[in-house]
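Student: below are the sequence and a predicted model for it; my questions follow.
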Amino acid sequence: MAVRRIRQLGDPILRVRCEKVLDHKSAATRLVADDLRDTLRTARKRYRMGRALAAPQIGAPVRIVFVEVDKQRWTMVNPEITDVGPDDFVVWDDCFCFPNLLVRVTRAYQATLNYTDLKGKPHTAQLEGPMAELLQHEIDHLDGILAVDRATGLDPFSFRSEWEKLHDPAERYGQPNPRELP
């Protein structure tokens, strides 16, 4: 268990499509999971943000995500979004890989997530709003995609300090935008 360096925008490992974990119970899998947990907790103290971390962010090209929200935590092995709802919403996304930058992206408001835990037990979760956005962001990391690749709209980038001067933090997560019926 160790606090690892979070890879920054420009590091080639962030562009790698990660390999599936074959042995959920291996010492290597447990080590990556523990390092994700320790690194996330340290980064949260430093940057005063963050709810999750994906393995490539600490240099491990495997499909593992650690999430910690409101004293609940999950280690997700081989997570996959299998379905999304019809509504999208706009969010000002942040990332430990570029902690001083916010990026406006559009995400699905609802998502179905499948993953296994460290014991190999399968799980399915129905997510919406900020949790759906969070897991879409983290799974993008596992596929070598960054929020900057999903930037949308005019002027989709802002330094965090400038954005915070002009906006209420509650504005980071927009409301769902139902798709218009034909």
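Tutor: Arrived safely, thanks for sending. Residues are numbered from 1 along each chain as shown.
Student: next, the buried residues of the longest strand belonging to the chain.
Tutor: In the chain, taking DSSP state E as the definition, the longest strand is strand 72-84. Buried residues in strand 72-84, defined by neighbour count with 16 or more other CB atoms under 10 Å: 74-79, 81, 84. In this view, the C-beta of every residue, glycine as well, is placed from N, C-alpha and C.
Student: other residues contacting the helix or strand hosting His137?
Tutor: Element membership for His137 (DSSP states H and E) is helix 130-142. With contact meaning CB atoms under 8 Å, 6 or more residues apart in numbering, helix 130-142 is reached by 14, 17-18, 51-57, 63, 65, 67, 69, 79-81, 84, 89, 91, 93, 95, 107-111, 113, 127, 146-147, 149-150, 173.
Student: these, buried ones only, as a ChimeraX selection?
Tutor: The buried residues among those can be selected in ChimeraX (16+ other CB under 10 Å) with this line:
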select :14,18,51,52,53,54,55,56,57,63,65,67,79,81,84,89,91,93,95,107,108,109,110,111,113,127,146,147,150,173
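Student: among the contacts of helix 130-142, which ones are in strands?
Tutor: Those of the contacts of helix 130-142 lying in strands (DSSP E): 52-54, 65, 67, 69, 79-81, 84, 89, 91, 93, 107-108, 110-111, 113, 127.
Student: what pLDDT is listed against Asp70?
Tutor: Listed pLDDT for Asp70 reads 89.
Student: then Gly174?
Tutor: Gly174 is assigned a pLDDT of 65 by the prediction.
Student: I am finished for the moment; much appreciated.
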